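A.B. asks: Next one to model:
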Amino acid sequence: MAVMVKAVRAAARKKPKQERSLAMVEALLQAAARVFVKEGYAKATTNRIAAAAGVSVGSLYQYFPSKDAIAVELLRRYRDGLVALVAARLERVDRVSFGPIVRDLLCDLLQAEGINPALHRVLIEQVLRTTARREMLGFEERLEAVIVGALRASDADLDHELAAFILVRVVLAVVQSVVVDRPKLNTPDLVDELTRLVVGYVGFDVERRPRR
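C.D. replies: Next up, the predicted model:
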């Protein structure tokens, strides 16, 4: 028997334009982040989010049809910042600096740089592991474009586009699994192993971090 997967209402209704509307949406997003972490996603109703933001639930529904849509927007903003961070770090990469920069980026990813780690876990569970993830299309491709540029700048001897596709998917899968399923493995040793995986796959030497 086929299993029916219920689609979630995850697309934002309209974009705020006026300063007051922008401020309201920011308040809603910040309130939702607090409620998701403090009360858990299941208990985080739109009424509770609106109350925490100090606005009416009707005002919330002007911009978001559901809490799923708010979660998608929170994750979208985090991922936009992540693409910008990766692009900035890799802007002047070369063969020598490739390994150290990769290590720093992986550390940022695993420590959820720019987002509350508990919120990051909620968003992975409630967006990336549900039908709401279709609202996030394009993120991996943007990262791939950045990685392709870095591989070219580093003169890596491999198919840049294929390598970028593989690296982005592998690293994101590991990061998401560790954050949600095996947080105890989120250690400097994991950063080391992922660095070896990425840098070794590209064909460069990996500088080992002394073990304590």
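A.B. asks: which residue is nearest the middle of this structure?
C.D. replies: Note on the chain: the residue nearest the mean C-alpha position is R79, at 4.4 Å, using CA atoms, centre = their mean.
A.B. asks: which non-adjacent residue is nearest that residue?
C.D. replies: F139 (4.9 Å; CB to CB, 6 or more residues apart in numbering). In this view, the C-beta of every residue, glycine as well, is placed from N, C-alpha and C.
A.B. asks: before we move on, back to that, and the pLDDT for the residue nearest to the centre of the chain?
C.D. replies: As summarised for this prediction, R79 has a pLDDT of 94.
A.B. asks: Check what contacts stretch 26-37 and list those residues.
C.D. replies: By CB atoms under 8 Å, 6 or more residues apart in numbering, the residues outside stretch 26-37 that reach it are 44, 48-50, 52-55, 60, 63-64, 67, 70-71, 73-74, 77, 116, 118-119, 122-123.
A.B. asks: hmm, 6 Å instead?
C.D. replies: Residues lying outside stretch 26-37 but in contact with it, judged by CB atoms under 6 Å, 6 or more residues apart in numbering, are A44, R48, I49, A52, A53, L60, I70, L74, A118, L119, V122.
A.B. asks: Sort out which of those are buried, if you could.
C.D. replies: Neighbour-count burial (16 or more other CB atoms under 10 Å) applied to the contacts of stretch 26-37 gives A44, R48, I49, A52, A53, L60, I70, L74, L119, V122.
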